[in-house]
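> generate a structure from the sequence data that follows.
(8 chains)
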8 protein chains.
Amino acid sequence: MTFKYERIDKSNAALLIVDHQEGLYQLVRDVTPVEFKNNLLAHAELGKVFNLPTVITSSSETGPNGPIPKEVFDLHPNAPFIKRQGEVDAWDNPDFRAAVEATGKKQLIIGGITTEVCTAFLALSLVEAGYTVFANADASGTFDVRTAQNANDRMRDAGVHVLSMFAVACELMRDWRATPGAPEMMPYFDKYLPEYGFLARAHDAAIKNGTPSGLPPTDS
Amino acid sequence: MTFKYERIDKSNAALLIVDHQEGLYQLVRDVTPVEFKNNLLAHAELGKVFNLPTVITSSSETGPNGPIPKEVFDLHPNAPFIKRQGEVDAWDNPDFRAAVEATGKKQLIIGGITTEVCTAFLALSLVEAGYTVFANADASGTFDVRTAQNANDRMRDAGVHVLSMFAVACELMRDWRATPGAPEMMPYFDKYLPEYGFLARAHDAAIKNGTPSGLPPTDS
Amino acid sequence: MTFKYERIDKSNAALLIVDHQEGLYQLVRDVTPVEFKNNLLAHAELGKVFNLPTVITSSSETGPNGPIPKEVFDLHPNAPFIKRQGEVDAWDNPDFRAAVEATGKKQLIIGGITTEVCTAFLALSLVEAGYTVFANADASGTFDVRTAQNANDRMRDAGVHVLSMFAVACELMRDWRATPGAPEMMPYFDKYLPEYGFLARAHDAAIKNGTPSGLPPTDS
Amino acid sequence: MTFKYERIDKSNAALLIVDHQEGLYQLVRDVTPVEFKNNLLAHAELGKVFNLPTVITSSSETGPNGPIPKEVFDLHPNAPFIKRQGEVDAWDNPDFRAAVEATGKKQLIIGGITTEVCTAFLALSLVEAGYTVFANADASGTFDVRTAQNANDRMRDAGVHVLSMFAVACELMRDWRATPGAPEMMPYFDKYLPEYGFLARAHDAAIKNGTPSGLPPTDS
Amino acid sequence: MTFKYERIDKSNAALLIVDHQEGLYQLVRDVTPVEFKNNLLAHAELGKVFNLPTVITSSSETGPNGPIPKEVFDLHPNAPFIKRQGEVDAWDNPDFRAAVEATGKKQLIIGGITTEVCTAFLALSLVEAGYTVFANADASGTFDVRTAQNANDRMRDAGVHVLSMFAVACELMRDWRATPGAPEMMPYFDKYLPEYGFLARAHDAAIKNGTPSGLPPTDS
Amino acid sequence: MTFKYERIDKSNAALLIVDHQEGLYQLVRDVTPVEFKNNLLAHAELGKVFNLPTVITSSSETGPNGPIPKEVFDLHPNAPFIKRQGEVDAWDNPDFRAAVEATGKKQLIIGGITTEVCTAFLALSLVEAGYTVFANADASGTFDVRTAQNANDRMRDAGVHVLSMFAVACELMRDWRATPGAPEMMPYFDKYLPEYGFLARAHDAAIKNGTPSGLPPTDS
Amino acid sequence: MTFKYERIDKSNAALLIVDHQEGLYQLVRDVTPVEFKNNLLAHAELGKVFNLPTVITSSSETGPNGPIPKEVFDLHPNAPFIKRQGEVDAWDNPDFRAAVEATGKKQLIIGGITTEVCTAFLALSLVEAGYTVFANADASGTFDVRTAQNANDRMRDAGVHVLSMFAVACELMRDWRATPGAPEMMPYFDKYLPEYGFLARAHDAAIKNGTPSGLPPTDS
Amino acid sequence: MTFKYERIDKSNAALLIVDHQEGLYQLVRDVTPVEFKNNLLAHAELGKVFNLPTVITSSSETGPNGPIPKEVFDLHPNAPFIKRQGEVDAWDNPDFRAAVEATGKKQLIIGGITTEVCTAFLALSLVEAGYTVFANADASGTFDVRTAQNANDRMRDAGVHVLSMFAVACELMRDWRATPGAPEMMPYFDKYLPEYGFLARAHDAAIKNGTPSGLPPTDS
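Residues are numbered from 1 along each chain as shown, chains lettered A, B, ... in the order given. The predicted structure is shown next:
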């Protein structure tokens, strides 16, 4: 029973943005609102920075679920946008299915609200349809931590890869010397992973005009 | 090793209400009492709103476990109600087994107190008997979070689907335009998922007589 | 430095319902939505069950803050309702001030969204104006636990009494034989404090047709 | 891929008490000390109340790991007690292996300190040796919750059943009318699961001389 | 503004056991049931081990609140026991007031269910009446942590000392060589503070027949 | 002992930005990095949106503490910036003291890293110097929650007002019809309090082209 | 009511090490064992790095409480060490009292096990005796977080300053250019506050041979 | 489907230290900094105490990720050290791959920052390459607990063993009488697992000059 490590391949991957709507956003309580907005935009920008085909969909967006944030469209002005009028599982919508198939990719990176419905239903359908699914755990949100964990376990049992934004980004990049690499990804991380951004900023400041801390020198 | 996504099919599903008793309810400490009463009634009403055959059972209800809340019977005045006199695993009771079989359904949606005993023992027996089991994680409660997680993992390892009330409801509904759909489900969610209900109420109020927030217009 | 225990006196108390609006409700994340809806209605019904003068106010209710839930008006069809058009601190609004003064009461029981703004600003103003303020901690909600704690500490430092719904109810009732007493309050607790309601239900069921648990008898 | 639900069978099960030592006890920080002492004794008493063959073992008990509490020996004065002088995995000790084999049972219920070492190493060895292992999650303790979860996952991946004391007890009992049943198990639960014990006590008191709560009668 | 440290003085203190009833016990969810039963009995036994005058009271004990556990009466067979028929605040009951006054003590150690009602109302009344109140925080329980914290803050603001069972016991004992001292208190702690009890047991075992751990000797 | 509610007065308040440095930022672990960057910028922008005199200071910024983020200077290009070379308590630095005094304001709104050192030392010095201090709790960060709580309690005991960014903003604004009011503050909240921003966005979208949710109409 | 900020003054402060014993250490569960050992040694080394008179005491150290770790004596080979034979409150021991008085200092920095007994009893006695007490919250440990919080509140109510190790160290140092200052304190922080130490190490490494991160240059 | 328990075999295992860098260390927030430094050094020292071939690698160490701490090199002065210039997954670096292969071992014990990237990518590649991987969960750190759990689940699904430092150490040692055994491992645990170290110290002290606790003797 040998194991094959299927890595995300930027030339074979598409990004799906599922029901990241301003009304549904209020339902997300397994992370804080500030973090989830950050994660939602980080998910969308992954498509731009890696030049991935991107498909956007919403559910009943003139109803309480509300519109997709304009920042998402600013990042993806030309992405196909499928406004579902009733289907909960986006895969039940022929236009969405066609848009995904039109990307020609077999690896799909997804995030949605809510995790156990919009993300999980679609992920399970996609696996059944033969795709490899990478669920960006940071970009899906739901009512509480317990629901997220059960949803992630359900997806995992079906073969979905559940991983963080940083893992998705690094598995896409693979090498800091590739393109996109450090010059493209450091600004991306500075925006969405500020602990890494401030690490880099302080590092660059130290090179530019730092003064020693007072610690005895180490030779490592 | 292909994956088949078995969705809950409202025409092939029955609802089981297991030991949702007023004494046992005191043992539930992995969620708060207010939430668990809400979840317990939401579970029962799923049967009504989707018109699912429903079977109710209790364990030694004249003892400390106590009676089933009357609200459950108000929702299901004609459901078979099996008062077990001693069997912990409801499947060990022939009347209960007969009632489940009489529904003619192969998918069973269950919730019970406690998760690791009343829900899990029955779920494992049902899987062995060939049923597909959907454990409504919100409708089962137990002593603490650790016990719930271990019980859910035990069920998952046997093939049980562990998912939230919202996931169960949406997988049953599938499309907001179906019947039941938005007109039936929005009042259901307003009652049991008030964050969604208040989202809808505020949305409807905005349509009716809202005034702009002061944010600059967005064109998305 | 002697201490005077000022208890809530049902003949000298009024209830204030502050900005319990369906939009603002989404901001409340220091308790779960199910619990906060429960607590919000429990607060309103305190006024009814104890026949307290009640004043309702909202902030910019046609904007994103949204309307007050209809359940509140169903409980208080004749209460003065002051729709503030801009004042954050309700005490800055002359109509609200007049309505509070018109109650003729010196003890005010309050709850609002958000705790640190709508509740705290008003509470501090009321203390300054000479009232004794009882903040129903369960009936105020805000962004996170830290903010609630800091807000409660700020109020406490000004002499506000911060206590739970159960404490407010019991300090109003004082004696189960009073009116309202057990016959009025048990149904109230059954509705809003289900762990107590189910305790009473199971107790009554045991009296009616209970069978012994199997524990050896105790003579206490 | 059919599922077989292997239940604990009291006629085919033995109990293993592994390194429940008074020094090692200090290392347990994934539950509180009061609870872990309770759980440790509840584990030992399971063997007595169900009359299961029981094997006790300790690791270097004259060293810092310390002795087994006397309460355990009071419950099992005649159980084989294997004092390991160095083997971490009890299965590496021939005397222990012989004692387990001498029970003639194929289902083993185990608990130990620490979960990821004393319990898990033995559990994995037992599964390899063909036993079915039921890990009483309440009766194993370790440094922190994360370590416990990883250890339980490692055991689960090897086929170990990880479940709570209440689940073990109920799967052994199966029916409240069996022997042991209610008359034996209610006192057991009164001692080790006081929320259930006090439920029964209050229930029995209500039958004996209860007075109605004041709630309106329900007819369920 | 000099500070006077008023310590608990065993010759001037009485113990109050307030509404530690088996029904109300189910409402306690700020600690686990196993711990609260332990704490409740530890509170009662403080009176015995320090020979403090003890007063027991219950609220409507034939109703859902239920009886006081028999273990409490076993510890205090001759203590005055005031069964309140309606008063929430025990101080409103003349018999209770008389029983407290009859102790002739000015320092009162109290615990009750629930913290914010039964404990806090009484504590505030007692402070008003001129007593010094020591609230055993471990021996009071309530619906959730937030309610306990707000109740403790309310009591503190009135001058109540809020401290743990261990602090109460040590402030009463003062010196391990007093009576009661080590010979009386070590068994008490072994029963109710098992981390300390097992520390002592392992220590005694090491003296009796310990073997070195293998650590290099230290000379401190 | 009458209480005076001293509200923040935008005409009498200055903003202090204390050691919000990119190295020190890594030490902040009582909130997440994404949230703290948000809070740090929200603090700085308060000065801009309310046109408050603002003073910036850093501690040994060429050392490991690192530089102040450029976003802060972009918001306050002309604010006095005092680079302390050694003083931990900024008030010990004469230039900083002069800059604060030069604002001519008596109310100071502060935030810093770390809470218990840079914020608290300065706050205590400012109170001693006769200022009223409003500590923006969201804009101070430290090693862990416990340290933050103890630091906030220490400040409170000295008369510092500890409150959230939203409370500071609302106490400054006072009325949504003031200037700045809704047109200025809604974009501010959209940026830094996205749960409120998305509430407004969805509200505005509902007005523009919303369709009813399916809930029955309510007349409140 | 003016406020005086009494800062720790290294020329007027002594350090007290109270019952930091290897047996009692096992009782500390409000922080992890790794952290508490770190904090306990950091407390002791404060005395050395600031050259403070230091007094060490233990309680019944040949009993289960166990010895003081040798690392403490290695730091303070000449400090007075008072072995109390029974007094719980160290201030009740004349030798300890004499040793504290002999330091001639009026500010006392203390840490002990357990927080609510060994630290709090002594702290309250010291305040009564006219000392200013600074409780190093990191250097006191106890059974659980609740007990620590109640103990800290009790001390605060008596005027004790409760603050973290970092706050104590910085209030003692005051200026990075003082002695001790950066050259002495950076190695201290590297040892006991590794997040700060690694910040400094990485900063120094960047100065020595860092390469740019790839972020665009900033000019702040 | 029989289970084979593959234990870590010290003669067939190598240790991998992956990106334990002083900059990346700041990103670790699923454990505290004090604990993670402890765990990182404990991981490195495992290689020394068990004399395992050890391979060290870093990622862009002159950039913000920073250097490996000198303590690691002090433990492993002669270990191969591969400075990766860009590859995120160390297995993509031929020098690293060669260094691992040169160890000749088939079992690899790994730890890295961050868990879901540096540890998980490498672990999955190693499993694919035919190695058995033991992930020391204590020695990997990442942004938050959720990310760690998802990463560990991803590794587990590929057959990686995820276990704690104590489990790794004990599975390597197997018997306290082996070499290394108690004389080597007790000092190791004293350094990195202080709860166990202090248990041993207090035990040894009790043997040397302990006095009885006062508990009645037990004969177990």
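
> against residue B:200, how distant is residue A:80?
28 Å (CB to CB, to the nearest Å). Placement of C-beta: from N, CA and C, glycine included.

> of those two, which one has the most company?
residue B:200 (23 against 17; other CB atoms under 10 Å in any protein chain shown).

> and the more buried one, what does it touch?
Residues in contact with residue B:200 (CB atoms under 8 Å, 6 or more residues apart in numbering or on different chains) are A:63, A:64, B:186, B:189, B:190, F:213, F:214, F:215.

> what residues of the helix or strand harbouring it count as buried?
For residue B:200, the host element (DSSP states H and E) is helix B:194-209. The neighbour-count check on helix B:194-209 (16 or more other CB atoms under 10 Å in any protein chain shown) flags B:194-207 as buried.

> now render the contacts of residue B:200 as JSON lines, adding distance to chain H, secondary structure and pLDDT.
Below are the contacts of residue B:200 laid out as JSON lines (distance: CB to the nearest CB, whole Å; DSSP: H, G, I helix; E, B strand; the rest coil; pLDDT from 0 to 100):
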{"residue": "A:63", "distance to chain H": "30", "secondary structure": "coil", "pLDDT": "97"}
{"residue": "A:64", "distance to chain H": "28", "secondary structure": "coil", "pLDDT": "97"}
{"residue": "B:186", "distance to chain H": "31", "secondary structure": "helix", "pLDDT": "97"}
{"residue": "B:189", "distance to chain H": "27", "secondary structure": "helix", "pLDDT": "98"}
{"residue": "B:190", "distance to chain H": "30", "secondary structure": "helix", "pLDDT": "98"}
{"residue": "F:213", "distance to chain H": "32", "secondary structure": "coil", "pLDDT": "94"}
{"residue": "F:214", "distance to chain H": "34", "secondary structure": "coil", "pLDDT": "88"}
{"residue": "F:215", "distance to chain H": "34", "secondary structure": "coil", "pLDDT": "92"}
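
> pull out the buried residues from those.
Among the contacts of residue B:200, the ones that count as buried by 16+ other CB under 10 Å are A:63, A:64, B:186, B:189, B:190, F:213, F:214, F:215.

> the fifth one against residue B:196, yeah?
Yep, that's residue B:190 we're talking about. Yes. If you go by CB atoms under 8 Å, residue B:190 and residue B:196 touch, sitting 7.4 Å apart.

> shaky segments in chain A?
Across chain A, residues meeting the criterion (pLDDT under 70) sit at A:1, A:218-220.

> which element is the residue most central in space within it on?
The centroid of chain A falls nearest to residue A:43 when counting by CA atoms, centre = their mean (3.4 Å). Secondary-structure element containing residue A:43, defined by DSSP H and E: helix A:33-49.

> mind checking how far that helix is from the chain centre?
7 Å (CA atoms, centre = their mean, to the nearest Å).

> so which elements touch whichever helix or strand comes after it?
Note on helix A:33-49: by DSSP H and E, the next helix or strand toward the C-terminus is strand A:54-59. Secondary-structure packing of strand A:54-59 (3 or more CB pairs under 8 Å, 6 or more residues apart in numbering or on different chains; DSSP states H and E): strand A:13-18, helix A:33-49, strand A:81-84, helix A:94-103.

> list the buried residues for the helix or strand following strand A:54-59?
On the C-terminal side of strand A:54-59, the closest following helix or strand by DSSP H and E is helix A:70-75. Going by neighbour count (16+ other CB under 10 Å), the buried part of helix A:70-75 is A:71, A:72, A:73, A:75.

> dump the residues you listed to a markdown table, plus distance to chain C.
Formatted as a markdown table, the buried residues of helix A:70-75 follow (distance: CB to the nearest CB, whole Å):
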| residue | distance to chain C |
| --- | --- |
| A:71 | 19 |
| A:72 | 20 |
| A:73 | 21 |
| A:75 | 25 |
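
> wait, which of the buried ones among the contacts of residue B:200 is closest to chain C?
residue B:190 (10.1 Å; CB to the nearest CB).

> what sits against the closest residue to residue A:211 other than its chain neighbours?
Closest residue to residue A:211 apart from its sequence neighbours, by CB to CB, 6 or more residues apart in numbering or on different chains: residue F:62 at 4.3 Å. By CB under 8 Å, 6+ apart, the contact set of residue F:62 is A:205, A:209, A:210, A:211.

> chain C: which of those residues is nearest?
Relative to chain C, and with distances defined as CB to the nearest CB, the nearest of these is residue A:205, at 30.9 Å.

> tally of neighbours for the residue nearest to the closest one when sequence neighbours are not counted?
Nearest non-adjacent residue to residue A:205, counting by CB to CB, 6+ apart: residue F:67, 4.9 Å away. Neighbour count for residue F:67, taken as other CB under 10 Å: 25.

> what's the farthest-apart pair in the buried ones among the contacts of residue B:200?
Largest separation among these by CB to CB: A:63 and B:190, giving 13.5 Å.

> how much space between the closest residue to residue A:192 other than its chain neighbours and chain D?
Counting by CB to CB, 6+ apart, residue A:42 is the residue found nearest to residue A:192 once chain neighbours are left out, at 3.8 Å. As judged by CB to the nearest CB, to the nearest Å, residue A:42 and chain D stand 26 Å apart.

> do I have it right that residue A:42 meets residue A:138?
Yes. Contact criterion CB under 8 Å: residue A:42 and residue A:138 qualify, at 7.1 Å.

> ok, the residue nearest to residue A:107 when sequence neighbours are not counted - contacts?
Among residues not flanking residue A:107 along the chain, residue A:13 sits closest, at 4.1 Å (CB to CB, 6+ apart). Counting by CB under 8 Å, 6+ apart, residue A:13 makes contact with A:50, A:52, A:105, A:107, A:108, A:109, A:134, A:172.

> from those, pick the one nearest chain B.
residue A:108 (14.4 Å).

> number of residues surrounding the closest one?
Neighbours of residue A:108 using other CB under 10 Å come to 26.

> using the three-state scheme, assign it.
strand (DSSP: H, G, I helix; E, B strand; the rest coil).
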